[in-house]
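Student: Give me a 3D structure for the following:
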Amino acid sequence: VRGIANSKIGFGDLILLLRYFFKLKVSTHPNQIENKYAEKENTTIHNLNDRLDFGLRLKCALSHFNFGLTKLRIVKMTYLSTFVCAIVLFALVVLALFLLFVPQEEFVAHSELKNDSGSKVKLDKKMWQMGIYLAFLAFFVINVNTFLTIRIPQIVLDKGIGTAQQASLILSLMQIMGIVAGTVFSSLVGRLKDWLLAVSYVIFGFAVIGIAFADNLWVLGLGGMVSGFFYSIVLTIVFSQVTDRATKALLNTVMTIVLMGCNIGGATSAILPTFLEKLNPTPTGAFGIYAIGCALISAGLIYQQIKK
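Tutor: Numbers count the residues shown, from 1 in each chain. Coordinates of the predicted model:
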């Protein structure tokens with residue numbers, strides 16, 4: 001006290017220091033100095049109350065955060081379960097149609113195919129080219145379509161144009177459009193004939209562009225439905241050309257090549273887009289390169305038809 005009294009530090013400065021370092025509510029009024037012990041006790045109680053309030057607020061904040069994480073997990077599980085159910089139902093429909101309309105002799109397994117002379121039948125250069133050509137068409141369309149099914153929910157949530165349930169609805173509509181494509185395939189072939197593959201790739205490319213630049217849910221849904229429709233058309237044409245152009249002795253071999261292209265397309269659908277986005281670091285990303293790929297394939301198919 002003597003040191004304080006003899007120093008140049010005033011009493012008011014001391015009070016300010018106490019407020020700053022100890023967070024004490026000490027008054028500088030002379031009449032209240034006598035009650036400093038009572039005020040100290042009140043200050044201690046007040047600080048305890050503040051700590052309790054802070055603890056309660058922190059606990060509430062953590063509770064809300066945990067609730068948000070739980071809700072996000074539920075939404076993700078709902079989306080995944082809906083998507084998986086749609087795929088399973090679509091596969092069951094395809095299996096049922098296959099069993100109803102495909103003749104029994106078409107899926108009898110042959111361990112070794114032979115011609116009339118008894119020697120093994122081998123693929124010639126023409127059959128190899130046809131098999132690789134059709135496998136590439138199947139690879140590309142499956143890779144792009146699987147990429148779209150992965151990215152559509154992300155687009156919906158990132159752009160804030162819908163919810164996870166609406167994104168799963170778009171994916172379900174894409175699968176339904178595949179079923180619709182199967183029902184109208186024969187009529188489209190009758191009208192467009194050999195031009196159907198080129199036209200399908202052109203429209204499929206426009207659907208990819210529409211999905212990339214969609215700013216509302218309706219445009220995104222329309223792009224998804226169109227892509228799902230013509231994805232199924234392209235695959236149906238590919239497999240029908242295998243059965244039409246390959247001989248019976250080489251049918252299983254050529255079909256194996258095409259199925260390998262399909263499997264590679266599906267397996268690389270999560271890896272290839274990442275590489276394409278590095279090649280095209282623009283807002284379009286992999287969508288832009290896929291659209292260019294559709295344009296090039298369409299141009300090649302159109303050129304083939306004109307050349308005929």
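Student: Only C-alpha atoms from now on, for both contacts and neighbour counts.
Tutor: Fine.
Student: how about the helices in the stretch 51-200 of the chain?
Tutor: Assigned by DSSP state H, counting those that start in this stretch, the stretch 51-200 of the chain shows helices spanning 125-159, 164-192, 196-212.
Student: For the first one, could you pull out the residues that count as buried?
Tutor: Under the neighbour-count criterion of 16 or more other C-alpha atoms under 10 Å, helix 125-159 has 127, 130-149, 152-153, 155-156 buried.
Student: One more: stretch 204-214?
Tutor: By neighbour count on 16+ other C-alpha under 10 Å, the buried set for stretch 204-214 is 204-212, 214.
Student: Then stretch 192-207?
Tutor: 195-207.
Student: tell me the pLDDT at K59?
Tutor: For K59, the pLDDT comes out at 53.
Student: Also the one 5 residues further on?
Tutor: The per-residue pLDDT reported for H64 equals 52.
Student: just F239 next, same as before
Tutor: 91.
Student: what's near enough to touch it?
Tutor: Contacts here follow C-alpha atoms under 8 Å, 6 or more residues apart in numbering; on that basis F239 touches M255.
Student: quick one: the helix or strand it falls within to helix 125-159, angle?
Tutor: Secondary structure from DSSP states H and E places F239 in helix 217-245. Relative orientation of helix 217-245 and helix 125-159, computed by axes from the mean of the first three to the mean of the last three C-alpha atoms, to 10 degrees: 170 degrees.
Student: Report the buried residues of helix 217-245.
Tutor: For helix 217-245, the neighbour count (16+ other C-alpha under 10 Å) marks 217, 220-239, 242 as buried.
Student: Assumed A270 was part of a helix.
Tutor: No. A270: not assigned to a helix; according to DSSP: H, G, I helix; E, B strand; the rest coil it is coil.
Student: For the residue nearest to it when sequence neighbours are not counted, give its distance to T274.
Tutor: Take A270 and drop its neighbours on the chain: the residue closest to it by C-alpha to C-alpha, 6 or more residues apart in numbering is F147, 6.8 Å away. Note on F147: its distance to T274, by C-alpha to C-alpha, to the nearest Å, is 10 Å.
Student: give the contact list for the closest residue to Y231 other than its chain neighbours.
Tutor: Nearest in space to Y231, with sequence neighbours left out and distances taken as C-alpha to C-alpha, 6+ apart, is V141 at 6.3 Å. For V141, the residues meeting the contact criterion (C-alpha under 8 Å, 6+ apart) are 231, 234-235, 265.
Student: got those as CSV, with distance to A295 and pLDDT columns?
Tutor: CSV is the format used below for those (distance: C-alpha to C-alpha, whole Å; pLDDT from 0 to 100):
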residue, distance to A295, pLDDT
Y231, 15, 93
V234, 15, 93
L235, 18, 93
G265, 18, 89
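Student: now, among these, which is nearest to K307?
Tutor: Checking these against K307 by C-alpha to C-alpha gives V234 as the nearest, at 20.9 Å.
Student: In contact with that closest one, which residues?
Tutor: Contact partners of V234, counting by C-alpha under 8 Å, 6+ apart, are 138, 141, 197, 200-201.
Student: again, only using 10 Å
Tutor: Neighbouring residues of V234 by C-alpha atoms under 10 Å, 6 or more residues apart in numbering: 137-138, 141-142, 181, 196-201, 204, 240.
Student: for G288, same thing?
Tutor: 205, 208-209, 212, 276-277, 280, 282, 294.
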